[in-house]
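Undergrad: got a predicted model here, sequence first, then my questions.
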Amino acid sequence: MPVLKVLPWQAYKYENIEGTNYRIRGNKEGHKVVLVHGIGASSYYMDPIAEYLVDQGFCCLTYDLIGRGHSQASNSYGATAHVDQLWR
C-alpha cells in the first residue's frame, strides 16, 4: 500500500468559479477522477490521494462542497444543489 504524503494547503494552486473552490491537476489526457470530500471537511483532505493518482497518470478534480472549505455558502444544501455545483 502506498504511503500518502501530507501536503500543506496552497491557495494559489486553486481556482474559483461561481463560488466553487476547485483544482484540476495531472495529465489532461489521462483518465478523469473526481474526488469529493466528506461533510465537515474540505478538498484539502483529498490532496494526498489526488497527488498519488496524478503520479499514476490520472487527471484529478478536487473541489469544496457548497459552504465547505473555500466555496461559498448557499441557501440550499440538498442533493440537487450539490449536483448543480459539480456541473457548473
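TA: On my side now, so go ahead. All of these numbers come straight from a predicted model, not from anything done at the bench.

Undergrad: so who does the residue most central in space within the chain touch?
TA: Central residue of the chain (CA atoms, centre = their mean): T62, 1.5 Å from the mean position. Contact analysis of T62 by CB atoms under 8 Å, 6 or more residues apart in numbering lists 22-23, 35, 37, 43, 46-47, 50. Just so you know, the C-beta spots here come from the backbone N, C-alpha and C atoms, and that holds for glycine as well.

Undergrad: now do the residue nearest to G38 when sequence neighbours are not counted against E18, distance only.
TA: Excluding its sequence neighbours, the residue lying closest to G38 (CB to CB, 6 or more residues apart in numbering) is Y45, at 7.7 Å. Distance of Y45 to E18, given as CB to CB, to the nearest Å: 22 Å.

Undergrad: and those two? which has more neighbours close in?
TA: Y45 (15 against 9; other CB atoms under 10 Å).

Undergrad: mind checking how far the more buried one is from S76?
TA: Taking CB to CB, one finds Y45 at 24 Å from S76.

Undergrad: cool, D55 as well?
TA: When D55 is compared with S76 (using CB to CB), they lie 37 Å apart.

Undergrad: then R88?
TA: 14 Å.

Undergrad: same thing with G67?
TA: For G67 relative to S76 (CB to CB), the value is 10 Å.

Undergrad: I24 in helix, strand or coil?
TA: Classification of I24 using DSSP: H, G, I helix; E, B strand; the rest coil returns strand.

Undergrad: that one bridge partners, please.
TA: L61 (DSSP bridges).

Undergrad: list the buried residues in stretch 41-49.
TA: 42-44, 46-47 (16 or more other CB atoms under 10 Å).

Undergrad: that older thread, is it correct that the residue nearest to G38 falls within a helix?
TA: Yes. According to three-state DSSP, Y45 belongs to a helix.

Undergrad: that one touches H37, doesn't it?
TA: Yes. At 5.2 Å, Y45 counts as touching H37 under the criterion of CB atoms under 8 Å.
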